[in-house]
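> Structure for this input, please:
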Amino acid sequence: MAQLVLWDIDHTLIDTRGVGRELSATAFQRTTGQTMREQAKIDGITEPVIFRETAKRHGLTTDRGDFERFAAALTEEHLKRTADLRERGHALPGAAAALDALEAVGIRQTVVSGNIRAVSEIKLQVFALDHHILWDLGAYGEDNDVRAELVRLALHRAHTAAADTVLIGDTPADVEGAHANGVPVIAIASGRSDKAVLRDAGAQVVLSDLRDTELLVKLVRGDDR
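I've put the predicted structure just below:
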């Protein structure tokens, strides 16, 4: 049976329904002094890469210090607008029940996310999905640009073997990051990637959503893998 689940956040557990982009735009303007006219690809991409590539689209060259200022501004904006997040966004169907069910069978849970840790915590707290998350075991956008490295770091922090871990996410990048580390993956077609895209990325198990809690627990435990 798996001992650890690595959760993605956006479009796996929650949907901010556009609020996240608005907050990124405000933080970008605070950091660079420019209006964010367009944003780089975000699905499965870490926050430092999104910031750097978005800045390039505005003719800007940025460094780590710029990203750290952006991350601080982004955290502040999320804290300011938790009410908007709660009102306009939502936890995805089955998310709370899935977290509770995995906790009930003794499986540790943490997060591997392209979000920075502070924003990851705020997002799950807003939707009351943070109760079972062991934050210190996870890996976040500020830790590394590459998602596969975030998975590796989480395994190291949790002192858990890849074979005893399951990653749950909604993008091909989640699938690829898991496979690069030998971690089994359950792909959830609740984001912008449909089942066919996720299977093409190498996911052998793809669910439409998290509604079937009993099946999800069986898959994590390895009963149906």
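> Domain map for this structure?
4-16+90-221, 19-86 (automatic domain parsing).
> With respect to burial, which of those domains scores highest?
For the domains of the chain, the largest average neighbour count (mean count of other CB atoms under 10 Å) is found in domain 4-16+90-221, namely a mean of 20. From N, CA and C alone the C-beta is placed, and that goes for glycine too.
> picking that back up, just put the domains of the chain in a markdown table and tack on mean pLDDT.
Formatted as a markdown table, the domains of the chain follow (pLDDT from 0 to 100):
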| stretch | mean pLDDT |
| --- | --- |
| domain 4-16+90-221 | 97 |
| domain 19-86 | 96 |
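> and Val105, what are its phi and psi?
Note on Val105: its backbone torsions stand at phi -100, psi 10 [degrees, to the nearest 10].
> I misspoke; the intended subject was Ala72.
Dihedral angles (degrees, to the nearest 10) for Ala72: phi -70, psi -40.
> mind checking how far it is from Arg30?
9 Å (CB to CB, to the nearest Å).
> And for Asp209?
From Asp209 to Arg30 the distance is 35 Å (CB to CB).
> and if you look at Asp66?
11 Å.
> same deal with Val197?
From Val197 across to Arg30, the span is 35 Å (CB to CB).
> again with Gln39
Taking CB to CB as the measure, Gln39 and Arg30 are separated by 15 Å.
> surely His179 meets Pro172?
No. Between His179 and Pro172 there is no contact under CB atoms under 8 Å: 10.3 Å.
> joint contacts of those two?
Here His179 and Pro172 have no joint contacts, going by CB atoms under 8 Å, 6 or more residues apart in numbering.
> Excluding residues flanking it in the chain, which one is nearest Ser190?
Once flanking residues are discounted, Ser190 sits nearest to Asp209: 5.0 Å by CB to CB, 6 or more residues apart in numbering.
> Would you agree Arg30 falls within a helix?
Yes. Arg30 forms part of a helix when assessed by DSSP: H, G, I helix; E, B strand; the rest coil.
> Skipping its backbone neighbours, what lies nearest it in space?
Distances taken as CB to CB, 6+ apart put Ala73 closest to Arg30, at 4.5 Å, once the chain neighbours are dropped.
> The one you found: which element?
Element membership of Ala73, judged by DSSP states H and E, is helix 64-80.
> Not counting its own residues, what contacts that helix?
If you take CB under 8 Å, 6+ apart as the criterion, helix 64-80 is touched by 23-24, 26-28, 30-32, 47-48, 51-52, 55, 85, 116, 118-119, 122-123, 141-142.
> Mark which of the residues you listed are part of strands, please.
With DSSP state E as the criterion, strands contain none of these.
> hang on, the earlier thing: next, work out how far apart the residue nearest to Ser190 and His11 are.
Counting by CB to CB, the gap from Asp209 to His11 is 11 Å.
> Overlap in contacts, these two.
With CB under 8 Å, 6+ apart, Asp209 and His11 have common neighbours 92, 190.
> The chain: helices as residue ranges?
Under the criterion DSSP state H, helices of the chain are mapped to 19-32, 47-57, 64-80, 82-88, 95-104, 117-126, 147-158, 172-179, 195-200, 213-221.
> Which stretch among those helices approaches Leu4 most closely?
Comparison of the helices of the chain against Leu4 by CB to CB identifies helix 147-158 as nearest, at 5.3 Å.
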